[in-house]
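A.B. asks: Predicted model, plus sequence, below.
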Amino acid sequence: MTHPTASWKTCAEQAVSVVDRVTSTQGPAVEQAAELIATAIAGGAIVQAFGTGHSRSLAQEFTGRAGGLLPVNMLAVKDLVMFGDTNPKEILDPLCERDPSLAERILGLAEVDPRDIFVIASQSGGNGVIVEMAALARARGHKVVAITSLEHSRRITSRHPSGKRLFELADVVIDNCGFYGDASVALPDGAATAPMSTIAGAVIVQMIVTEVCGRLLEKGVRPPVMVSNNVPEGDAHNAQLWQQFGDRVRPVEP
């Protein structure tokens, strides 16, 4: 029998609660982000999505999936190995995300158009590479959408030399309504379990994508949405979309 404060039910309750908080408070920010993204896509731009640690999963949630927007390129620390000449040992250190210098190296491996918009996800919003990516994007004239925990981020000291946190550099901030330290269910020894940032973030990403599709339709633009490769018509549909964007959108490895 599980401890009364640590069970699947307490985890599920926290998940439902965080999604309720997101959907009841973040609609206006999602709409702002969606309008920026829809306008960018309608004008021939793509989305550059970036995250590190478990927030990397939100960049992937945006990229290369059934029902998702095709013109989204995933940026990641692993690009330094996959598309560059970095030794894998360099990026296997989990603390490398604190290094601001990685951001420019990652950007240097991608085909970024001046019209592109950045979506950057980070629970804490304070690690060096996250803040530097946002700073570089802003300095180069790109709009930046942040998905972050304001409760967490406002309580930390940034690891970036500027002292800035992600939410302080973004044009639009979407709060994942999560917890300081991410985990939501307290344990007797002072630790906690049931982190909620990925659950809340995935909901936010799909809220954005669906709202973008609606706004593209209003603009008379067919939403460039992928079909599952695991249905008969998927390959042909997606191949036609890929032709529109060429190498600007890199495929995500299986």
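C.D. replies: Structure's in. What do you need? Numbering: from 1, shown residues only.

A.B. asks: secondary structure element for residue 146?
C.D. replies: Assigning secondary structure by DSSP states H and E places residue 146 in strand 144-148.

A.B. asks: Buried residues in the very next helix or strand once past that strand, which are they?
C.D. replies: On the C-terminal side of strand 144-148, the closest following helix or strand by DSSP H and E is helix 150-153. The neighbour-count check on helix 150-153 (16 or more other CB atoms under 10 Å) flags 150, 152-153 as buried. Backbone N, C-alpha and C define where each C-beta goes, glycine included.

A.B. asks: Now render the residues you listed as TSV, adding pLDDT and distance to residue 127.
C.D. replies: As requested, the buried residues of helix 150-153 are arranged in TSV below (pLDDT from 0 to 100; distance: CB to CB, whole Å):
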residue	pLDDT	distance to residue 127
150	98	16
152	98	12
153	98	11
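
A.B. asks: Give me the residues contacting the strand holding residue 146.
C.D. replies: Residues outside strand 144-148 that contact it (CB atoms under 8 Å, 6 or more residues apart in numbering): 33, 36-37, 55, 58, 117-125, 134, 137-138, 165-167, 169-176, 201, 204-205, 208.

A.B. asks: Which PyMOL command selects the buried ones in those?
C.D. replies: Selection of buried members from the contacts of strand 144-148 for PyMOL, criterion 16+ other CB under 10 Å:
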select buried, resi 33+36+37+55+58+117+118+119+120+121+122+123+124+125+134+137+165+166+167+169+170+171+172+173+174+175+176+201+204+205+208
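
A.B. asks: Select from the contacts of strand 144-148 every entry located in strands.
C.D. replies: 117-122, 172-175 (DSSP state E).

A.B. asks: What are the boundaries of the helices in this protein?
C.D. replies: With helices called from DSSP state H, the chain shows them at 8-25, 27-42, 56-61, 79-82, 88-91, 101-107, 128-139, 150-153, 197-218, 234-245.

A.B. asks: now those in TSV, with distance to residue 68?
C.D. replies: Formatted as TSV, those follow (distance: least, CB to CB, whole Å):
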stretch	distance to residue 68
helix 8-25	19
helix 27-42	12
helix 56-61	8
helix 79-82	19
helix 88-91	26
helix 101-107	21
helix 128-139	21
helix 150-153	26
helix 197-218	6
helix 234-245	11
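
A.B. asks: Determine which of those helices approaches residue 251 most closely.
C.D. replies: Counting by CB to CB, residue 251 lies closest to helix 234-245 out of the helices of the chain; the figure is 8.4 Å.

A.B. asks: in its sheet, what does the strand holding residue 146 sit against?
C.D. replies: strand 117-122 (parallel), strand 172-175 (parallel) (DSSP bridges).

A.B. asks: now the angle between helix 197-218 and the first one, please.
C.D. replies: So the one you mean is strand 117-122. 160 degrees (axes from the mean of the first three to the mean of the last three CA atoms, to 10 degrees).

A.B. asks: got a list of contacts for strand 117-122?
C.D. replies: So strand 117-122 is contacted by 33, 36-37, 40, 45, 47-53, 55-56, 58-59, 62, 130, 133-134, 137, 142-148, 166, 170, 201, 208 (CB under 8 Å, 6+ apart).

A.B. asks: The closest residue in space to residue 169 that isn't next to it in sequence and residue 245, how far apart?
C.D. replies: Sequence neighbours aside, residue 134 is the residue nearest to residue 169 in space, at 4.1 Å (criterion: CB to CB, 6 or more residues apart in numbering). According to CB to CB, to the nearest Å, residue 134 and residue 245 sit 24 Å apart.

A.B. asks: Ok, residue 224 next?
C.D. replies: Residue 224 is 8 Å from residue 245, by CB to CB.

A.B. asks: With neighbour numbers in mind, choose between these two.
C.D. replies: When neighbours are counted by other CB atoms under 10 Å, residue 224 comes out ahead of the other of residue 224 and residue 245, with 22 against 17.
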